[in-house]
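A.B. asks: Below are the sequence and a predicted model; questions follow.
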Amino acid sequence: MSNVEKTTFGSYIRGLRENANLPLRKVAAELNIDTSTLSKIEKNERNANQQIIEGISKLFHIDKSELKLRYLSDKITYQLLEEENGLEILKVAEEKIKYQRLQNKK
């Protein structure tokens, strides 16, 4: 399992911020959000949105698609974590995505 798969979105963002030696308040100001909001995102207590993902991408020069991958995989993981058949649901969803993409190409 790669680090992308193991590290939560919030932990990844906190790591970027700490590696850049930036305080929470400075990054929050750059993202035009409240410090407490950024803190909650870093603790995985609150979800980011498209604007925040774009801002983080620009601020830390990170590919936006990588950030979206991390964010959405976390979102799906936490949604299915408590489901008894979470992995089965995920497999069915994967098949539906493949089917829909084929339908959209027609």
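C.D. replies: Sure, I can see it.
A.B. asks: List the residue ranges of the protein that fall below the pLDDT cut-off.
C.D. replies: The chain contains residues with pLDDT under 70 at 1-5.
A.B. asks: Name the nearest residue to the residue nearest the centre of the chain, sequence neighbours excluded.
C.D. replies: Centroid-nearest residue in the chain: Y71, 1.3 Å away (criterion: CA atoms, centre = their mean). Leaving out its chain neighbours, the residue that sits closest to Y71 by CB to CB, 6 or more residues apart in numbering is F9, at 4.8 Å. In short, each C-beta sits where N, CA and C put it, glycine included.
A.B. asks: re earlier: the residue nearest to the centre of the chain sits in which helix or strand?
C.D. replies: helix 64-81 (DSSP states H and E).
A.B. asks: list the buried ones in that helix?
C.D. replies: Of all the residues in helix 64-81, those buried under the rule 16 or more other CB atoms under 10 Å are 67-68, 70-71, 74.
A.B. asks: For F60, which residues are in contact?
C.D. replies: By CB atoms under 8 Å, 6 or more residues apart in numbering, the residues touching F60 are 16, 20.
A.B. asks: what do you get for S57?
C.D. replies: S57 is in contact with 63-64, 67, counting by CB under 8 Å, 6+ apart.
A.B. asks: what's the burial count for A48?
C.D. replies: As a burial measure, A48 scores 26 neighbours (other CB atoms under 10 Å).
A.B. asks: burial of the residue nearest to it when sequence neighbours are not counted, as a residue count?
C.D. replies: Take A48 and drop its neighbours on the chain: the residue closest to it by CB to CB, 6+ apart is I41, 5.3 Å away. Counted with other CB under 10 Å, residues neighbouring I41 total 23.
A.B. asks: Over to I41. Which of the three states is it?
C.D. replies: Classification of I41 by DSSP: H, G, I helix; E, B strand; the rest coil places it in helix.
A.B. asks: my guess is it contacts I13, does it?
C.D. replies: Yes - counting by CB atoms under 8 Å, I13 is a contact partner of I41 at 6.4 Å.
A.B. asks: who's in contact with the residue nearest to Y71?
C.D. replies: 41, 44, 48, 67, 70-71, 74.
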